[in-house]
Structures are given as C-alpha cells and as structure tokens.
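J.: The following comprises the amino acid sequence and a computationally predicted model.
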Amino acid sequence: MLLGAMNYSNSMAFVLTFWLGSVWLVSLLYTYRNLAKLEVKLATTEPCFAGGYAVFNLLLNNHQAGQRFDIGVKGHHCTNTISINAEDHRLFRLAIPAPQRGRLKLGRIALSSCYPLGLFRAWAYVDVEGDSLVYPCPVEHAPLPQTSQASGERIDTAEEGGDDFHGFRRYHAGDSPRHIFWKALARERGLVTKQFQQHQSLEQWFDWVDCRGVDVETRLSQLCRWLLDADNQQQRFGLRLPGVVLSPAQGEAQLVLCLTQLALFGEPE
C-alpha cells in the first residue's frame with residue numbers, strides 16, 4: 001500500500017497506510033498489556049475419585065486500572081476464557097482429568113491473549129504450586145465383611161425422646177403428658193406411658209485383611225466402597241491399614257480422613 005501511494009502520489013492512500021500501521025502497533029501494545037502483571041494463585045482444590053476430574057480453583061488478580069479481556073487459561077488440554085474487571089479478581093475453575101489415585105499436581109498452565117484485534121497472540125507460562133487428592137475409584141458393589149459387622153454392637157436404650165416406639169409401661173410421676181396413652185385411660189385401664197427406643201449406630205471396622213482383592217488397587221477400591229456405604233447409612237466406622245489405624249467416628253470429616261489415607265496409601269511420607 002505504501003508503494004502504491006508513493007507511485008500514484010495519492011494523499012488518501014498515504015493516510016490509510018499510516019493509519020493501518022498505527023493500528024498494528026497499538027494492537028501489539030494492548031495485546032501485551034492484557035497479560036502484563038496479572039497475578040495467578042491457587043485458591044482451593046476439590047478432590048475426586050480416580051477416573052473423574054479434579055477441580056483446581058485459581059484466583060486471578062488484576063491490580064491494574066484497566067480491564068482484562070478474553071484471557072485464555074489452559075492446563076492439561078483444558079482451555080477456558082475469562083475477563084477481569086479493573087482492580088478486581090476472578091475465581092476460575094480448571095478441571096483436570098485424574099486417571100489414577102494419589103496426588104495430582106496442577107503444574108504448569110498457560111495464559112494467552114489475542115485481544116483486541118487478533119493480530120497478535122501473547123502468552124505466558126505459570127508454574128502453580130499445589131496438588132489435589134484423587135481417591136481410589138470405588139467398586140460398584142461390595143458386601144460388608146462379616147468380621148466388620150460382628151465387631152460393632154448396637155445398643156438399644158428405651159428413653160424419652162427416642163426414635164422408635166418400644167412398648168408401654170406403668171405411669172410414673174414426672175412422665176411427659178405427651179407420652180401418656182390416653183386411650184387406655186378412657187378404657188379404664190389406668191395410666192400407661194409410651195416407651196420409645198433409641199438406637200445407637202454400629203461401629204464398623206474396615207480392615208485391610210478383610211478385602212478380597214489380590215492387588216493393592218482392588219483392595220483400596222473395595223475399602224472405598226465400604227466407607228461410602230457406611231457414611232450413607234450414617235454409621236460410625238474406623239479404618240485399619242498397614243501402619244495406619246483410624247478410630248471409629250461418624251460424619252463427613254471422618255469420611256474425608258479415611259479416603260485421604262486410601263489416596264495416599266503407599267506414598268513415602
């Protein structure tokens with residue numbers, strides 16, 4: 001275009017040529033500035049089971065007065081695009097395939113930008129420190145071992161405020177009027193009180209030696225299924241692994257603690 005403008009001495013061709021050159025240079029500067037001084041941190045991770053996707057929550061901080069547009073974030077063949085307002089931050093979820101149990105490191109991610117016109121592409125590699133836990137993949141079905149079922153005891157206590165109806169007994173002073181069987185009084189059978197039975201859950205012990213699998217991963221998958229089933233039934237459960245003993249407890253914290261031991265089994269401390 002410049003040669004044509006010089007050949008024909010056309011002023012409008014000169015204007016168009018230099019205008020396009022200015023746009024070219026300004027686009028190069030803005031593409032670079034869209035990534036410059038962008039801060040990336042690992043916020044949290046979401047564990048998963050082997051064969052699923054571990055989620056890494058990345059925090060992208062923009063400390064500059066200008067907005068960031070169309071930032072591409074790529075890690076392990078997973079790419080997404082986000083924009084960040086001026087002096088703001090964005091939480092970004094990056095899902096990484098987790099083929100096997102253990103610790104899954106996020107490692108290096110790539111940030112890229114083609115803003116504003118797509119004439120140039122700026123990129124940067126960031127090594128993010130952090131990892132996510134990958135639990136063993138549970139087997140589809142695994143009956144609880146007989147030794148585990150016999151190791152716990154179910155204690156039934158008849159008390160006020162229990163769960164299930166247990167029977168009747170004679171009225172004692174101080175019994176709650178809500179538990180008096182008034183129909184018996186109307187039939188001239190005297191005052192009787194309803195009894196309710198409260199059940200305390202079984203204490204399940206899941207032991208490494210109770211697994212039927214011949215290899216390590218099969219045993220861990222079977223233990224994982226037992227832990228999930230016991231937690232769904234709101235039971236107290238403990239775990240015995242070679243060198244590890246976790247006392248029986250109940251709740252999400254106990255489940256996470258046991259699954260963590262399964263995920264890290266065999267890894268050097």
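T.: That came through, no problem.
J.: Helices along this structure, start to end?
T.: Ranges of helices within the chain are 2-8, 11-33, 146-151, 182-186, 216-232, 252-263, based on DSSP state H.
J.: Tell me which of those lies nearest to residue 108.
T.: helix 11-33 (20.7 Å; CB to CB). Glycine gets a C-beta too; all of them are placed from N, C-alpha and C.
J.: Quick one: mean pLDDT over the closest one.
T.: For helix 11-33, mean pLDDT is 92.
J.: same thing with stretch 67-74?
T.: Confidence for stretch 67-74, expressed as mean pLDDT, is 91.
J.: Restricting to C-alpha, output it in CSV.
T.: Backbone C-alpha positions of stretch 67-74 (Å, rounded to 0.1, in the frame of the first residue of the first chain) are rendered in CSV as follows:
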residue,chain,number,x,y,z
GLN,A,67,-9.9,-4.2,32.4
ARG,A,68,-8.6,-7.6,31.1
PHE,A,69,-10.4,-9.1,28.2
ASP,A,70,-10.6,-12.7,26.9
ILE,A,71,-7.8,-14.2,28.9
GLY,A,72,-7.3,-17.8,27.9
VAL,A,73,-6.3,-20.3,30.6
LYS,A,74,-5.0,-23.7,29.5
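J.: Can you tell me what sits against it?
T.: Contacts to stretch 67-74, defined as CB atoms under 8 Å, 6 or more residues apart in numbering, come from residues 34-35, 38, 58, 60, 62, 79-86, 92, 94, 109-116.
J.: can you tell me which residues contact the residue nearest in space to the middle of the chain?
T.: What sits nearest the mean C-alpha location of the chain, by CA atoms, centre = their mean, is residue 46, with 2.6 Å. Residues in contact with residue 46 (CB under 8 Å, 6+ apart) are 54, 55, 56, 57, 132.
J.: Repeat the analysis, applying 10 Å as the threshold.
T.: By CB atoms under 10 Å, 6 or more residues apart in numbering, residue 46 lies in contact with 53, 54, 55, 56, 57, 93, 95, 132, 133.
J.: pLDDT score for it?
T.: pLDDT recorded at residue 46 is 93.
J.: rewinding a little: for PyMOL, write the select line for the buried members of the contacts of stretch 67-74.
T.: Buried subset of these, written as a PyMOL selection, criterion 16 or more other CB atoms under 10 Å:
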select buried, resi 34+35+38+58+60+62+84+92+94+109+111+112+113+114+115
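J.: Of the contacts of stretch 67-74, which belong to strands?
T.: Among the contacts of stretch 67-74, the members falling in strands (DSSP state E) are 38, 58, 60, 62, 79-84, 92, 94, 109-113.
J.: still on that earlier bit, which one of the contacts of residue 46 is nearest to residue 266?
T.: Once CB to CB is applied, the member of those that ends up nearest residue 266 is residue 133, at 14.0 Å.
J.: With that, I have no additional questions.
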